[in-house]
Every structure is written in C-alpha cells, then in structure tokens.
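Asker: any chance you could fold what I've pasted below:
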Amino acid sequence: THWDHINGFPFFDPGFQPGRSFEIMAGHLKRPGGIRDVFVGQMAQPTFPVPLEAMRASLTFQDFEAGDSFGFDNGVRVRTTPLNHPNGATAYRIEFEGRALCYVTDTEHVVGTPDPRVLALIEGADLVIYDSTYTDEEFPSHVGWGHSTWQEAIRLCRAASVKQLALFHHDPSHEDGFMRTVERAARAQWDATFVARERTRIQLA
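Answerer: This is a model prediction of the structure:
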C-alpha cells in the first residue's frame, strides 16, 4: 500500500459507478481496519476532497495472511506468499485452465541466496512479472529499499523452469534508452525475457 501502488485508486472511475462491484484484498494488513482503513485515510481531508463513501460501486474489503490460497467462482485459483519489503508486500500466483501467471512485486533478495518462497510460488509458471527495479551493479547502494534486480529475476525464473519473464517496477531514473539497454542485456542472458510496457498483451498458450 505504498503510494506508487495505490495513488490511482481515488481516480478509479468504475468505483464511482452504481451497479458495479469490486472485492479489494490485501495480504499484509490483517489487523483491525486493515485495507479498508488505508483507503479511508488516503481519501480523507485535508489531503483529498472526496471520501471513500462517495464511491457508489459496491466495495468489499478483505484482509488475508500472505501465504494463504483461495479461489473464485469462475475457476480461478490464487496462491500467495509474503515478500521482503518495508511494511510488507504479497506475491500472487493466479491459475486458470492449466495456465499460471505470477505477480512478484516489491521484494528484496539476498545476494547469493534465492528466496525459497518465491521459487516455490513461481515453479513452472507460464509468465512471471518480477520486481526488476535495479541492476546488480546498482543494488548494493539500495539494500534495505525493498526491491530486486533484473538479473535476480532471470536467476530465479531459470531455476524454477518458468516459461516467460516480464521485467517491471522500473526505477524512475531509468529512462527509455536505459530500459532498451536492459532489455537487450536481459535477452542476451535469457531470450524468454522482455521489459514490461504499457498496453502490452500476452497470450498464455
């Protein structure tokens, strides 16, 4: 629930539309109030003029423990695991009709020690979307910031027999030219890697 992940929520137009419904879940805030209180606070004066109650859609808030698994009526199954990040973060494995996509955001690795929780979650996945904020060269000066590198992403995915890797959560200082260089270097190491871009669509087949 750091700002870079939730600051678009108050501007989520479908949330203001009657007749729509959304279930909002989080795996790192299981305490009284939990995820709902975070959004109430975010949309409270004097920092925001429109309260959460102004959203006319049906909003359900649910907190779980990172590590829990659950399913939905449409056959989608979700597994989760906690990540190494200040204030907590959760990784997700979403499975449907024999395909698996993993979303591994905001996690800091330990150099030379692959995270066993991440490895178990991503094992054999069709696509892994992984926190690749830094390069291995940049990482030592950012220890404790809660992020990983594109090289660690490749190491984990190859060890876990993942089919495809999307590098995302780019550092704001990494402009387009830098990211093109990262993508070339990453694909030279493992050609099943690409840099995530807006509006990209991936068919899991």
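Asker: which residues of this structure fall in strands?
Answerer: Per DSSP state E, the chain carries strands over the ranges 21-26, 58-63, 69-71, 77-83, 89-96, 99-104, 127-131, 165-168, 193-195.
Asker: helices or strands up against the longest one?
Answerer: Which is strand 89-96. Contact here means 3 or more CB pairs under 8 Å, 6 or more residues apart in numbering; DSSP states H and E; on that basis strand 89-96 packs against strand 77-83, strand 99-104, helix 116-122. In short, each C-beta sits where N, CA and C put it, glycine included.
Asker: hang on, the earlier thing: buried deepest among the strands of the chain, which one?
Answerer: Ranked by average neighbour count under the criterion mean count of other CB atoms under 10 Å, those are headed by strand 127-131 at a mean of 25.
Asker: and the angle for that one with strand 99-104?
Answerer: Relative orientation of strand 127-131 versus strand 99-104 (axes from the mean of the first three to the mean of the last three CA atoms, to 10 degrees): 0 degrees.
Asker: got a list of contacts for strand 127-131?
Answerer: 100-107, 122, 147-148, 153, 156-157, 160, 162-169, 196, 202, 204 (CB atoms under 8 Å, 6 or more residues apart in numbering).
Asker: now distance to residue 45 and mean pLDDT too, for the strands of the chain, in JSON lines please.
Answerer: Putting those into JSON lines (distance: least, CB to CB, whole Å; pLDDT from 0 to 100) gives the following:
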{"stretch": "strand 21-26", "distance to residue 45": "22", "mean pLDDT": "95"}
{"stretch": "strand 58-63", "distance to residue 45": "20", "mean pLDDT": "96"}
{"stretch": "strand 69-71", "distance to residue 45": "35", "mean pLDDT": "95"}
{"stretch": "strand 77-83", "distance to residue 45": "32", "mean pLDDT": "97"}
{"stretch": "strand 89-96", "distance to residue 45": "28", "mean pLDDT": "97"}
{"stretch": "strand 99-104", "distance to residue 45": "33", "mean pLDDT": "98"}
{"stretch": "strand 127-131", "distance to residue 45": "33", "mean pLDDT": "98"}
{"stretch": "strand 165-168", "distance to residue 45": "33", "mean pLDDT": "98"}
{"stretch": "strand 193-195", "distance to residue 45": "39", "mean pLDDT": "97"}
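Asker: I am finished for the moment; much appreciated.
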